[in-house]
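Would you be able to build a 3D model of this:
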Amino acid sequence: EKEKEKEKWKGKEKEKEKEAKRKEEDRQKAELELLFADADGDKAKKGFKTKEVAKHKQSSKRKSRHDDTGESEMQSGFDVDTSDPRFSSLFSSAAYALDPTHPQFKHTPAMMKILKERQSKRHVVVQSASDTPKESSTATKAPDVDLTSLVKRIKANSKK
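Have a look, this model is predicted:
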């Protein structure tokens, strides 16, 4: 009889452990849902997925060839923060240059915002380069004087 009672207690303990694990998993799941909820409390995941936009666009092409409102609906709530310092190399480095003529380039509002920001930053760099004073005329004449004297010395040596 004692063994049966021990088995009952072990069974109850295992059930309690399983219940505790379920509660912990539910709590973790709730925390993750809160992390991924947007500011309105919507449980939609944050971020932007181009695959979803492509699927939605394909389905909308079947329905209507001239209706592009679906793509803007997919991108609602997604905005690129171009002032974020983590994206600074995106605007300054040629390695991250976007080519709008490439067949895989998607003309989304976010991409257009990135292109405009890159163009404005490039325009600022060009203006600052044109604002810097040019070299003085004496500095540009000095190499010419050296060059002419070098040519004269070579001619003199070749005549000897």
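
Quick one: low-confidence residue ranges for the chain.
Scanning the chain with the threshold set as pLDDT under 70 gives 1, 37-49, 60-77, 132-143.

Regarding it, what is its longest helix?
Ranked by number of residues, the top helix in the chain under DSSP state H is helix 2-36.

Mind giving me the packing neighbours of the next helix or strand after that one?
Scanning forward in sequence from helix 2-36, with DSSP states H and E defining helices and strands, the next element found is helix 50-63. Packing contacts for helix 50-63, counted by 3 or more Cβ pairs under 8 Å, 6 or more residues apart in numbering; DSSP states H and E, involve helix 69-74. Just so you know, the C-beta spots here come from the backbone N, C-alpha and C atoms, and that holds for glycine as well.

send the alpha carbons of stretch 110-122 over as CSV?
The C-alpha atoms that make up stretch 110-122 are tabulated as CSV, following Å, rounded to 0.1, in the frame of the first residue of the first chain:
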residue,chain,number,x,y,z
ALA,A,110,10.5,53.4,-48.2
MET,A,111,12.9,52.9,-51.1
MET,A,112,12.0,56.3,-52.6
LYS,A,113,12.6,57.9,-49.2
ILE,A,114,16.1,56.3,-49.0
LEU,A,115,16.9,57.5,-52.6
LYS,A,116,15.8,61.1,-51.8
GLU,A,117,17.8,61.1,-48.6
ARG,A,118,20.9,59.8,-50.4
GLN,A,119,20.5,62.4,-53.1
SER,A,120,20.1,65.2,-50.5
LYS,A,121,23.2,64.1,-48.6
ARG,A,122,25.2,63.9,-51.8
